[in-house]
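1. Give the three-dimensional model of this entry:
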Amino acid sequence: QVHLVESGGGLVQAGGSLRLSCAASGRIFSSYAMGWFRQAPGKEREFVAAISRSGGRTSYADSVKGRFTISRDNAKNTGYLQMLSLKPEDTAVYYCAATVSRQTIVLVTTGDYDFWGQGTQVTVSS
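-> You can find the predicted model right below:
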């Protein structure tokens, strides 16, 4: 079992940046693959980025590639999502997710993950 808490969301102008954090407690964080997803009003939750348990492999949605960077610090039991050049269409509630996984796997669908945080709101104004 792992408990996830996101932070770092907020209101930012288009072109701005934010860094989201996902603090994990419970089992050893390095045993878990991690991902970020987002959900805008009236839309389904969608994949944003994922990282393997060691941090050696990452994957991004096409819509954020080149603007967002996922990372993790297993010593601090924390994952991050650095978001640059934000656009109004990035507005959503952002969720981190985790699941026990093998070393090299990145997981990109909601069904792959067993544990979810409560979400943090990101609003990008035009």
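
2. buried stuff in stretch 61-70?
-> 61, 64, 68, 69, 70 (16 or more other C-beta atoms under 10 Å). No exception for glycine: its C-beta is placed from N, CA and C like everyone else's.

3. helix/strand/coil for the fourth one?
-> Of the three states, residue 69 takes strand according to DSSP: H, G, I helix; E, B strand; the rest coil.

4. wait, what's in contact with the nearest residue to it once chain neighbours are set aside?
-> Closest residue to residue 69 apart from its sequence neighbours, by C-beta to C-beta, 6 or more residues apart in numbering: residue 82 at 4.4 Å. Taking C-beta atoms under 8 Å, 6 or more residues apart in numbering, we find residue 82 in contact with 17, 19, 68, 69, 70, 71.

5. try it again with 10 Å
-> 8, 17, 18, 19, 20, 49, 67, 68, 69, 70, 71 (C-beta atoms under 10 Å, 6 or more residues apart in numbering).
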